[in-house]
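> Based on what follows, work out the 3D shape:
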Amino acid sequence: MRITTRGRYALRASLALARLGKNGSPVSINNLSEQENISSVFLEQIFFRLRKAGIVTSVRGPGGGFCFAQPLDKLTIKAILDAAGEELNLSNCDKSQGDCERIGHCLTHFIWKDVTDLVNNYFRNITIASILEKYGIELEKTKL
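Numbering: from 1, shown residues only. Presented below is the predicted three-dimensional model:
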C-alpha cells in the first residue's frame, strides 16, 4: 500500500481547513497553500475531488473559499482518502479480477485481504474532529 502525494496533501489540506475555518467560515486555496506549502494549482485539483465527493463546498467571491459540507465528527480519513482517489489495498492480487490461475488454493490472498480490511476500518473510524482533539487543537463550534 502506498499513499500518493495527492492523498497525503488531501489529508493535510483537510486538517488545515479544519484549523483555519473558524465557525465554518470559508478558507481560500491561497491561504491553505501558504499554510501547508502546497502548490495552489495542485490544491485546486484536490479540492475539486473533495467537492465532487461532498466533503467540502465552495463559496465564490471576495472572502470565499472552501468549507466542510459535513460535521467534522462525521468526516472520516477514509472518506478523504477515497475522494482523493487513494485505493488502500496492500496487495494487487488478481483474484478479484477472476483471471488468476491460483484461485481456489492461494491462501495469501486471504491474508492480504484481512490486513487491507483492518487498514480500511482503521481509517474509517478516525474523524477529523478526533485527530484535532487527540493532538490538542482547539476548535470553535462550527455551523455544521
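
> lowest confidence element among the helices and strands of this protein?
Taking mean pLDDT, DSSP states H and E as the measure, the chain has helix 108-124 as its least confident helix or strand, at a mean of 89.

> all helices for this protein, in order.
Here the chain has its helices, by DSSP state H, at 5-20, 29-36, 40-52, 77-83, 108-124, 128-134.

> tell me the angle the least confident helix or strand of the chain makes with helix 5-20.
Interaxial angle, helix 108-124 versus helix 5-20 (axes from the mean of the first three to the mean of the last three CA atoms, to 10 degrees): 20 degrees.

> Please spell out which residues along helix 108-124 are buried.
Neighbour-count burial for helix 108-124, counted by 16 or more other CB atoms under 10 Å, picks out 109, 112, 113, 116, 120, 123. Bear in mind the C-beta positions are built from the backbone N, C-alpha and C, glycine included.
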